[in-house]
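Visitor: Compute the structure for the input listed below.
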Amino acid sequence: VPERSAWGAEARGGVERELMRGRYEHVQISTLDRMPTRPVVQYLGRVSVHIIRESFEEKRGTLARFTHELLAQINSIARAHVSARGGNALLSYNLLEYQVDQETTRQSYSIMSLSGDAVLLEDADD
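Guide: Model (predicted):
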């Protein structure tokens, strides 16, 4: 069994999974500018995230997986930005994507730009 150091790849992967399950999980993402049942308590600023990635397809179907993973990563980054500001929701969510595929080289470039408003919503009455 390999030793898991604080700086090793295995340790970092575990930490990222724990953060996703714990701290960032509660951040809601919505395209609406408000939540119908939960009023906005405080506006915390605009969140803007831009990512450029390159992919080399080894076989068919990997492009879809690449795009799905990139979307999950950019949403996680946006959730982390909202959480770091003390918020619990990202409203007015907008995602722009541009993808360039080169069939001859089986190469793909994807550019994603995400924006929205970080806000603190009133706690839900349970």
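Visitor: residues near Leu91, how many?
Guide: By other C-beta atoms under 10 Å, the residues close to Leu91 number 22. C-betas here are computed from N, CA, C, even on glycine.
Visitor: which regions of this protein lie under the pLDDT threshold?
Guide: 1-25, 57-62, 101-105, 125-126 (pLDDT under 70).
Visitor: show me where it has helices.
Guide: 9-21, 62-84 (DSSP state H).
Visitor: So which bits of the last one are buried?
Guide: The neighbour-count check on helix 62-84 (16 or more other C-beta atoms under 10 Å) flags 63, 66-67, 70-71, 74-83 as buried.
Visitor: Could you do stretch 27-46 as well?
Guide: 27-28, 35, 38, 40, 44.
Visitor: Once you drop chain neighbours, what's closest to Ser48?
Guide: Ser115 (4.7 Å; C-beta to C-beta, 6 or more residues apart in numbering).
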